[in-house]
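>>> Pasted the sequence and its predicted model underneath.
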Amino acid sequence: MAEAHLNSLARFEVYRSLSGLNRSFHLIVQRLQGLETKCFFEPAKLRELVALAQELQSEINHNLLKALEKIELEDCYVFGKVRAAREDLRQL
């Protein structure tokens with residue numbers, strides 16, 4: 001289970017990893033599309049493989065971001081209480 005709060009370094013590392021995953025999928029799609037110029041690969045099959053790669057990318061993003069959304073909402077709530085308390089002190 002993911003920890004309930006992410007510090008700034010952990011948040012950076014998680015999002016950097018997600019960025020790397022998406023960059024890798026982008027490269028996979030580019031390479032598959034680049035193979036369309038080779039006469040021995042069926043264009044329809046390559047398009048199918050591109051779609052499968054993009055489907056997997058979307059599924060991975062969806063599942064990981066669903067978990068991150070919970071953590072981010074909880075962190076927003078917790079850190080928002082700190083800000084609210086600070087604002088309350090200023091009004092005194």
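Great, that's in hand. Numbers count the residues shown, from 1 in each chain.
>>> Please spell out the segments of the protein that come in under the pLDDT threshold.
Within the chain, the stretches with pLDDT under 70 are 1-4.
>>> Let's check: the centremost residue of it is which one?
In the chain, the C-alpha nearest the mean C-alpha coordinate belongs to residue 18, at 4.4 Å (C-alpha atoms, centre = their mean).
>>> I figured it hits residue 64, correct?
Yes: with contact defined as C-beta atoms under 8 Å, residue 18 counts as touching residue 64 (6.4 Å). All C-beta spots, glycine's among them, are computed from the backbone N, C-alpha and C.
>>> Measure how far the strand or helix carrying the residue nearest to the centre of the chain is from the centre of its chain, please.
Taking DSSP states H and E as the definition, residue 18 sits inside helix 8-34. Taking C-alpha atoms, centre = their mean, to the nearest Å, the mean C-alpha location of helix 8-34 is offset from the chain mean by 8 Å.
>>> Does anything pack onto it? Which helices or strands?
Applying 3 or more C-beta pairs under 8 Å, 6 or more residues apart in numbering; DSSP states H and E, we find helix 8-34 packed against helix 43-91.
>>> now the helix it packs on, how far from the chain's geometric center?
Centroid displacement of helix 43-91 relative to its chain, using C-alpha atoms, centre = their mean, is 7 Å.
>>> what packs against it?
Applying 3+ C-beta pairs under 8 Å, 6+ apart, one finds that helix 43-91 contacts helix 8-34.
>>> Please find the angle between the direction vectors of the helix it packs on and helix 43-91.
160 degrees (axes from the mean of the first three to the mean of the last three C-alpha atoms, to 10 degrees).
>>> buried stuff in helix 8-34?
For helix 8-34, the neighbour count (16 or more other C-beta atoms under 10 Å) marks 14, 25, 28, 29, 32 as buried.
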